[in-house]
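**Student:** starting from these lines, generate the structure:
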Amino acid sequence: MLVRRLSAFVLAMLLPLLLTSAALAQTSDQGDAGSTCAGCGVCGGGILVVLLAVLLPLAIVLAINGFIAYWINKDAKSRGMENATLWAVLGFFLGLLGLLIYILSRPERPGGVPPE
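**Tutor:** Sure thing, here's the model as predicted:
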């Protein structure tokens, strides 16, 4: 599954480069202006692909990790842990693995009563 995703990612990154060279190799009656415009259009589409393929997943992962860090910090403070910020930093950088480590190692609530 990972190989399939990786190959799709590589193809998505290389496709704009291949299309750019194909567009720039075209000839037209307009001289170099037509091929230059075609190349610019393909490069613009390539930049869009890079933005969608790289920056959007990165933003999603950062948002999820930020939520994990926020939840861990809130939960650790409600349990009276002194190192709640450290756990939140761990949760941000390790993501779901950090959340799992926190859940498995967190202490019981004082008095066993859930927060209101």
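
**Student:** residue 68 contacts residue 100, correct?
**Tutor:** No: using CB atoms under 8 Å, residue 68 is not in contact with residue 100, being 10.2 Å away. Where C-beta positions appear, they are placed from N, C-alpha and C, glycine not excepted.

**Student:** between the two, which is the more surrounded one?
**Tutor:** When neighbours are counted by other CB atoms under 10 Å, residue 68 and residue 100 differ, and residue 68 comes out ahead with 21 against 12.

**Student:** give me the element the more buried one is part of.
**Tutor:** Assigned by DSSP states H and E, residue 68 falls within helix 56-78.

**Student:** what is the mean pLDDT for that helix?
**Tutor:** Across helix 56-78, pLDDT averages out at 93.

**Student:** after that helix, heading C-terminal, what element do we hit next?
**Tutor:** That would be, after helix 56-78 and using DSSP H and E, helix 84-94.

**Student:** convert the helix or strand following that following helix to PDB, retaining C-alpha atoms only.
**Tutor:** Where DSSP H and E defines the elements, the next helix or strand beyond helix 84-94 is helix 96-105. Output of helix 96-105 as PDB, limited to C-alpha atoms (Å, rounded to 0.1, in the frame of the first residue of the first chain):
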ATOM      1  CA  LEU A  96      -1.000   9.600  17.200                       C
ATOM      2  CA  LEU A  97       2.000   7.700  18.600                       C
ATOM      3  CA  GLY A  98       2.400  10.400  21.300                       C
ATOM      4  CA  LEU A  99      -1.300  10.300  22.000                       C
ATOM      5  CA  LEU A 100      -1.100   6.500  22.500                       C
ATOM      6  CA  ILE A 101       1.900   6.800  24.800                       C
ATOM      7  CA  TYR A 102       0.100   9.500  26.800                       C
ATOM      8  CA  ILE A 103      -3.100   7.400  27.200                       C
ATOM      9  CA  LEU A 104      -1.200   4.300  28.300                       C
ATOM     10  CA  SER A 105       1.000   6.200  30.800                       C
END
